[in-house]
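# Sequence and predicted structure below; questions after.
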Amino acid sequence: MDINYELTFPLVEHFISINGEGRRAGQLALFIRLAGCNLDCSYCDTKWANKADVKFEKKTIREIVDIVKNSNCKNVTLTGGEPLLKKDVDKLIAAILELDDIRLEIETNGSQPIKKYDDWKRRPVMTLDYKLASSGCEAAMDTENFNYLHKEDSVKFVSGSRADLERTLEIITKYDLTSKANCIISPVFGQIEPVEIVDFMKEHEMNDVFLQLQMHKIIWDPNKQGV
Ligand SMILES: C[S@@+](CC[C@H](N)C(=O)[O-])C[C@H]1O[C@@H](n2cnc3c(N)ncnc32)[C@H](O)[C@@H]1O
Ligand SMILES: Nc1nc2[nH]cc(C(=O)O)c2c(=O)[nH]1
Ligand code: SF4
Ligand SMILES: [Mg+2]
């Protein structure tokens, strides 16, 4: 791919922390957060990054690659907002993947196609949300994406109610998702007790599914930015 290293992206923050979510949870990671989202999930903990007047810095691919190099982190998470919404984001992704020894993860909301990455020789790992009813955004889900999952990817169901859990089970079963990728259920923070999720998993013998609590919200103040 031809990469124009002068293309720019709206960076709202970058920081090193432990990854609090996904299959690399607990490992150090560099987070690169881009502004703007096409959805407006009821529970979104990053609404500030999606506001029209959010402060951002226009960073070139060259500058973002330098941030990655200087971080000395192996794990890099590109998130937002919705990272895959950005024009030419595939160029940014390809540029980061040109660095040796980097594991790049994309946090994406399930409304944007991931097909174009399917046949890349080095492909980023996708952590793909399936937005449930309590998000208010289920209608935007593109289930075509389930055809382009790789084994190391995750599908994440952020659940806020019993109805969300029932829908999670229905979607996992209908698309046989546990055979295609990691399946993760996470509580909408503070909206449902984790024990309710465990009870549901036991009730339905969901042996191949992971429960995940957002680790950074346990370690730090849940409203703290940049961790
Ligand atoms: C802020 S989003 C950014 C990436 C992308 N827009 C998405 O939704 O996947 C990152 C992750 O945080 C999760 N998230 C946001 N607010 C949350 C909350 N209140 N409780 C639990 N998870 C939340 C999202 O579901 C998503 O998996
Ligand atoms: N520590 C930490 N881990 C995370 N994993 C995914 C995050 C995100 O906002 O996409 C996130 C985040 O915001 N903080
Ligand atoms: S898709 Fe992600 S960033 Fe956008 S509103 Fe939902 S949780 Fe927030
Ligand atoms: Mg977050």
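That came in fine, so what should we check first? Ligands and ions are numbered 1, 2, ... in the order given.
# quick one: the helices in this structure?
61-71, 89-97, 162-174, 194-203, 215-219 (DSSP state H).
# And the second one, what does it pack against?
By that I understand helix 89-97. helix 61-71, strand 75-79, strand 103-108 (3 or more CB pairs under 8 Å, 6 or more residues apart in numbering; DSSP states H and E). Where you see a C-beta, it was placed from the backbone N, CA and C, and this is true even at glycine.
# likewise the shortest one?
When contacts are defined as 3+ CB pairs under 8 Å, 6+ apart, helix 215-219 sits against strand 8-18.
# Okay, now the sheet partners of the strand it packs on, with direction.
Applying DSSP bridges, strand 8-18 is found paired with strand 28-34 (antiparallel), strand 57-60 (antiparallel).
# still on that earlier bit, would you convert the helices and strands packed on helix 89-97 into a markdown table that also reports distance to residue 15?
Formatted as a markdown table, those follow (distance: least, CB to CB, whole Å):
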| stretch | distance to residue 15 |
| --- | --- |
| helix 61-71 | 9 |
| strand 75-79 | 10 |
| strand 103-108 | 14 |
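# Export these to CSV and append columns for distance to ligand 1 and mean neighbour count.
Conversion of the helices and strands packed on helix 89-97 to CSV gives the following (distance: least, CB to the nearest ligand atom, whole Å; neighbours: other CB atoms under 10 Å):
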stretch, distance to ligand 1, mean neighbour count
helix 61-71, 17, 16
strand 75-79, 5, 22
strand 103-108, 4, 22
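# Dump these to TSV, plus mean pLDDT.
TSV is the format used below for the helices and strands packed on helix 89-97 (pLDDT from 0 to 100):
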stretch	mean pLDDT
helix 61-71	98
strand 75-79	98
strand 103-108	98
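# Residue 150 is nearest to which of the strands paired with strand 8-18?
Closest approach to residue 150 among the strands paired with strand 8-18 is made by strand 28-34 (19.2 Å; CB to CB).
# Who are the contact partners of the closest residue to residue 65 other than its chain neighbours?
Of all residues not flanking residue 65 in the chain, residue 95 sits nearest, at 5.4 Å (CB to CB, 6 or more residues apart in numbering). Applying CB atoms under 8 Å, 6 or more residues apart in numbering to residue 95 gives the contacts 3, 5, 61, 64, 65.
# ok, now with 7 Å
Applying CB atoms under 7 Å, 6 or more residues apart in numbering to residue 95 gives the contacts 3, 5, 61, 65.
# coming back round to it: which among the helices and strands packed on helix 89-97 is found nearest to residue 31?
strand 75-79 (5.1 Å).
# The closest one and ligand 2 in contact?
Yes: for strand 75-79, a contact with ligand 2 is found by CB under 6 Å from any ligand atom, at 77, 79.
# how far out from the middle of the chain is that strand?
9 Å (CA atoms, centre = their mean, to the nearest Å).
# again with stretch 133-148
The gap between where stretch 133-148 is centred and where its chain is centred comes out at 14 Å by CA atoms, centre = their mean.
# how far does that stretch stretch from start to finish?
For stretch 133-148, the first-to-last residue distance is 23 Å (CA to CA, to the nearest Å).
# ok, now stretch 206-222?
Distance between the boundary residues of stretch 206-222 (CA to CA) amounts to 28 Å.
# List the buried residues in it.
Neighbour-count burial for stretch 206-222 flags 206, 209, 210, 212, 214, 216, 217 (criterion: 16 or more other CB atoms under 10 Å).
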